[in-house]
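S.K.: Fold the following, please.
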Amino acid sequence: MESKKLNRLKKYAPFIEVAAFLCLLVVYLGVFPFIKEEEQKATEIYFADRMSSAHLSLINSFNKKHEGKIKVVPVDFPNQNFSTNERKELLARSLRGRGDGIDLIGVDIIWVQRFAKWCEPISKYFNKSDIENFIEPVLKSCYYEGELYAVPFDLVEGVLYYRKDIIQKAKDGDKIIEKLKQGITWDEFIDIGKQLNKPNPYYIFPADNYEGLVCSYVELLLGLDDKYFEKNNFNLNTSNSEKALQLLVDFVNKYNLTPKVVTDFTEIPSYGYFIENDGIFLRGWPTYDKDFINTSLQSEKADLLEKAPLPYFEEGKPSAVLGGMNLMVSKFSNKKDEVLTFLKFLISEEAQELILKEAGYFPIIKTFYEDSVYLKKYPELIEYKELLKHGVLRPAHEDYTRYSEIMSHYFKQAIMGRMQVKDALEMATNAMLTKQFVFPN
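M.R.: Numbering: from 1, shown residues only. Just a heads-up that it's a prediction; the model follows:
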């Protein structure tokens, strides 16, 4: 029998599709009645992504520079309305139908393998120096079967948020904060929770059956063995794999440092719960302080948050999953010259500086981490450079998105206490390696 999640997706998929179409229609109708006659001659290209204010600033800047020649129309998949999984399914469904007019696509860095069959190889459009200027960790995510199918656009890395004001009031609070900044082990993190002994939720991480839960698991696993998937493929029946999932389970069921309600949370609800309930620690992305400006989640409490590296296993090393978006060109687009002009603008220094300043994303070109002018202007780049030393990629695989659904399904069951960790890992492994994608209720 299919899982409740799949049933929900089937039930609401048509409504989501209609909503996406109507949003696009509203954009179209809202823009075109007011276009000057000469602007109607411009070639219109459609750019699908989750549109932040930084995205819109970049689009407006580009459109002004190319007025009368190229006009970029945004197709928005906002975080508030679409989860990572929903956005992926809508884009895939659109491209199966030969693109539905979408020319340039922002895809999660782990989706490149999945979307390559619908997109244009782009190595021939870039010279060697262009490619070598991308920072190395994320560049690896842009290839499929040795061919460049994407370029990086924006980048984030998992971080640990903490409420500085709450910790400072505790005994030895300043010492705890200093340790956090240097990096601590998971055992030390658990000991801090016992020491604080607060009624507030101690550690919040999103644990619904979606990609965010897999990120938490993968960064734990790769902290123990950064070559794990190269050695084991998607066989999760190992001691390191068990140790990684067991920690997430134990936060809820053994240490009582994480409320079981996290199994209902994707990223935005986890952040909302954390803020509303005065949580102490949160696994998140470094853009949260900008992601929720002018939303219902904006709060004075958000100004009290500080960032630190995620803890690590004592026998392992610091590790945090890399996230963000890559850019891919639809092979169905008949406006590739214009699309590539816009794409190259998005990865320019001008655009990357705006993305850093307005959205808080890590720049994806080396210049920012090497040029003293940028380092002086944006001192946070020094911190980002250090964090990137511990950044890890989720395993590249054409079926990864499906595997992620399987893993998150069984991991959530274990965290909820419905099955043992070993059983969850065995069932997930069997489903992935045998391609038996059947979920129990």
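
S.K.: what number of residues lie near the nearest residue to Ser141 once chain neighbours are set aside?
M.R.: In space, and not counting its chain neighbours, Ser141 is closest to Ile109: 4.3 Å by C-beta to C-beta, 6 or more residues apart in numbering. For glycine as for every other residue, the C-beta is placed from the backbone atoms N, C-alpha and C. When counting by other C-beta atoms under 10 Å, one arrives at 25 neighbours for Ile109.

S.K.: mind starting the numbering at 438 from now?
M.R.: Happy to do that; since the first residue is 438 now, the last one works out to Ile546.

S.K.: can you tell me which residues contact Ile546?
M.R.: Applying C-beta atoms under 8 Å, 6 or more residues apart in numbering, we find Ile546 in contact with Val575, Ser578, Pro589, Leu592, Leu759, Gly760, Gly761, Met762, Asn763, Leu830.

S.K.: Where does the spatially most central residue of the chain sit: helix, strand or coil?
M.R.: For the chain, the residue sitting closest to the mean C-alpha position, by C-alpha atoms, centre = their mean, is Gly760 at 4.0 Å. At Gly760 the chain is in strand, as set by DSSP: H, G, I helix; E, B strand; the rest coil.

S.K.: got the domain boundaries for the protein?
M.R.: 441-592+760-827, 596-758+835-871 (automatic domain parsing).

S.K.: what stretches of the protein score poorly on pLDDT?
M.R.: Within the chain, the stretches with pLDDT under 70 are 438-477, 516-522, 525, 533-537, 728-735, 874-878.

S.K.: Tell me where it has strands.
M.R.: Here the chain has its strands, by DSSP state E, at 480-486, 507-513, 541-545, 580-581, 584-585, 588-594, 596-600, 640-641, 718-721, 742-745, 757-766, 828-829.

S.K.: between the contacts of Ile546, which is closest to Leu685?
M.R.: Ranked by distance to Leu685 (C-beta to C-beta), the contacts of Ile546 are led by Gly760 at 18.1 Å.

S.K.: The closest one is in contact with Cys652, isn't it?
M.R.: Yes: counting by C-beta atoms under 8 Å, Gly760 touches Cys652, with 7.1 Å between them.

S.K.: Quick check: neighbours shared by the two?
M.R.: Gly595.

S.K.: Could you report the neighbour count for Leu825?
M.R.: Leu825 is flanked by 18 other residues according to other C-beta under 10 Å.

S.K.: excluding its backbone neighbours, what's nearest it?
M.R.: Nearest residue to Leu825 in three dimensions, chain neighbours excluded: Pro574, at 6.2 Å (C-beta to C-beta, 6+ apart).

S.K.: Just put the strands of the chain in JSON lines and tack on distance to Val810.
M.R.: Formatted as JSON lines, the strands of the chain follow (distance: least, C-beta to C-beta, whole Å):
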{"stretch": "strand 480-486", "distance to Val810": "29"}
{"stretch": "strand 507-513", "distance to Val810": "29"}
{"stretch": "strand 541-545", "distance to Val810": "28"}
{"stretch": "strand 580-581", "distance to Val810": "31"}
{"stretch": "strand 584-585", "distance to Val810": "29"}
{"stretch": "strand 588-594", "distance to Val810": "21"}
{"stretch": "strand 596-600", "distance to Val810": "26"}
{"stretch": "strand 640-641", "distance to Val810": "38"}
{"stretch": "strand 718-721", "distance to Val810": "30"}
{"stretch": "strand 742-745", "distance to Val810": "24"}
{"stretch": "strand 757-766", "distance to Val810": "24"}
{"stretch": "strand 828-829", "distance to Val810": "24"}
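
S.K.: Out of those strands, which is closest to Arg855?
M.R.: strand 640-641 (20.7 Å).

S.K.: ok, the closest one: who's next to it in the sheet?
M.R.: Sheet partners assigned to strand 640-641 using DSSP bridges are listed as strand 718-721 (parallel).

S.K.: from what I can see Tyr640 touches Phe688, true?
M.R.: Yes: at 5.9 Å, Tyr640 counts as touching Phe688 under the criterion of C-beta under 8 Å.

S.K.: what sits in contact with each of the two?
M.R.: Both Tyr640 and Phe688 are in contact with Leu694, Thr695, where contact means C-beta under 8 Å, 6+ apart.

S.K.: From Glu569, how far off is the closest residue in space to Pro558 that isn't next to it in sequence?
M.R.: Nearest residue to Pro558, sequence neighbours excluded (C-beta to C-beta, 6+ apart): Glu584, at 4.7 Å. Distance of Glu584 to Glu569, computed by C-beta to C-beta, to the nearest Å: 17 Å.

S.K.: Need the nearest residue in space to Pro832, chain neighbours excluded.
M.R.: Per C-beta to C-beta, 6+ apart, closest to Pro832 is Phe666, 3.9 Å.

S.K.: I'd like to know how many residues surround the one you found.
M.R.: A count of nearby residues for Phe666, using other C-beta under 10 Å, gives 19.

S.K.: Next, the buried residues of stretch 542-562.
M.R.: 542-553, 555-559, 562 (16 or more other C-beta atoms under 10 Å).

S.K.: What about these, which are in helices?
M.R.: When the buried residues of stretch 542-562 are checked against helices (DSSP state H), the matches are Val549, Gln550, Arg551, Phe552.

S.K.: what are the bridge partners for the closest residue to Leu576 other than its chain neighbours, then?
M.R.: In space, and not counting its chain neighbours, Leu576 is closest to Pro589: 6.7 Å by C-beta to C-beta, 6+ apart. Pro589 has these beta-bridge partners by DSSP bridges: Asn763.

S.K.: List the contacts of Pro589.
M.R.: Going by C-beta under 8 Å, 6+ apart, Pro589 touches Ile546, Phe571, Ile572, Val575, Leu576, Ser578, Cys579, Gly761, Asn763, Leu764, Ile784, Ile801.

S.K.: Now the two most distant members of the residues you listed.
M.R.: So, the contacts of Pro589 by C-beta to C-beta: farthest apart are Ile572 and Leu764, at 15.2 Å.

S.K.: When those two are compared, which one has more neighbours?
M.R.: Taking neighbours as other C-beta under 10 Å, Ile572 and Leu764 compare with Leu764 leading, 24 against 20.

S.K.: Do I have it right that the more buried one meets Asp591?
M.R.: No: counting by C-beta under 8 Å, Leu764 does not reach Asp591; the two are 9.5 Å apart.

S.K.: Export the ones in helices among the buried residues of stretch 542-562 to a markdown table and append columns for distance to Pro515.
M.R.: Output for these, formatted as a markdown table (distance: C-beta to C-beta, whole Å):
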| residue | distance to Pro515 |
| --- | --- |
| Val549 | 22 |
| Gln550 | 25 |
| Arg551 | 21 |
| Phe552 | 20 |
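
S.K.: Closest to Ile819 out of these?
M.R.: Comparing those against Ile819 with C-beta to C-beta places Val549 closest, at 29.2 Å.

S.K.: Quickly note the distance from that closest one to Val651.
M.R.: Val549 sits at a distance of 16 Å from Val651 (criterion: C-beta to C-beta).
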